[in-house]
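Novice: Provided below are the primary sequence and the corresponding predicted coordinates.
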Amino acid sequence: MSHRFIIASTGASGAEFFLRLLHRLLPIAGNSDVIVSENYYKVLAEECEIHLGEPSLKGLIELAEKKFGATARIHRMNFCDIRDIGARAASGSVSYSGMVILPCSMKTLAAIAHGLSQNLIERAADVCLKEKRKLIICPRETPLSIVHLKNMLALAESGAVVMPISPGYYHKPQNLVELFDFMVDRIFAHLKISDAIMQSWRDEE
């Protein structure tokens, strides 16, 4: 089955989760628009001491393969300028299977919750909500203020899946990659992608 997704990332902590998502998508048939905020690269530099220089899809994919290993590059990806509100991801007439924002900053989450389409990520998410498409938002923040919680509730009531970066531990993870994969598997399940790595809780029963 071929998939078309919008894969986005913003300036919240957890930059490597996004790299792992890209890496896991690469060998799966389909095509995606990739949108990355400027602050994502700042977080990547702070958390991983990685400075990519000029933002590019090539740089992100090469970094993902350097960290997680070479993989088949079957999934076609289109790198979008976050400032390009005229991109196809901003149109309700273009069909997508879903959108993921991983990680999602509280700034972006608030903007989407209140319909403030100031960049392509926010506009694409707004379109997903109005077209009743799958929208998965993965915030990473703690503790959560009442403002954060109200914004999350507003998004959930609007049809979004609010999926905080909160990996489980019942699969006894031995390294960070297994924590990344827990979250990617949960995202894949909601996007109807069957390529899971982790065994589901009590699936053997």
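Specialist: Looks like it arrived, so ask away.

Novice: what's the average pLDDT for stretch 86-94?
Specialist: Mean pLDDT, stretch 86-94: 92.

Novice: Show me where the chain has its strands.
Specialist: Along the chain, the segments classed as strands by DSSP state E run 3-9, 30-36, 76-80, 98-104, 135-139, 161-162.

Novice: Quote the end-to-end distance of stretch 139-150.
Specialist: 14 Å (C-alpha to C-alpha, to the nearest Å).

Novice: buried sites along it?
Specialist: Neighbour-count burial for stretch 139-150 flags 139-141, 148 (criterion: 16 or more other C-beta atoms under 10 Å). Yep, even glycine has a C-beta here, placed from its N, CA and C like the rest.

Novice: and of the residues you listed, the nearest to E46?
Specialist: R140 (13.5 Å; C-beta to C-beta).

Novice: wouldn't that closest one be in contact with P167 here?
Specialist: No - applying C-beta atoms under 8 Å, one finds R140 not in contact with P167, separated by 11.0 Å.

Novice: Give me the contact list for stretch 42-61.
Specialist: 11-16, 19, 22, 26, 34, 36, 38, 41, 63, 73, 77-79 (C-beta atoms under 8 Å, 6 or more residues apart in numbering).

Novice: Tell me how many other residues crowd the spatially closest residue to G168 that is not a sequence neighbour.
Specialist: In space, and not counting its chain neighbours, G168 is closest to F182: 5.8 Å by C-beta to C-beta, 6 or more residues apart in numbering. Neighbour count for F182, taken as other C-beta atoms under 10 Å: 22.
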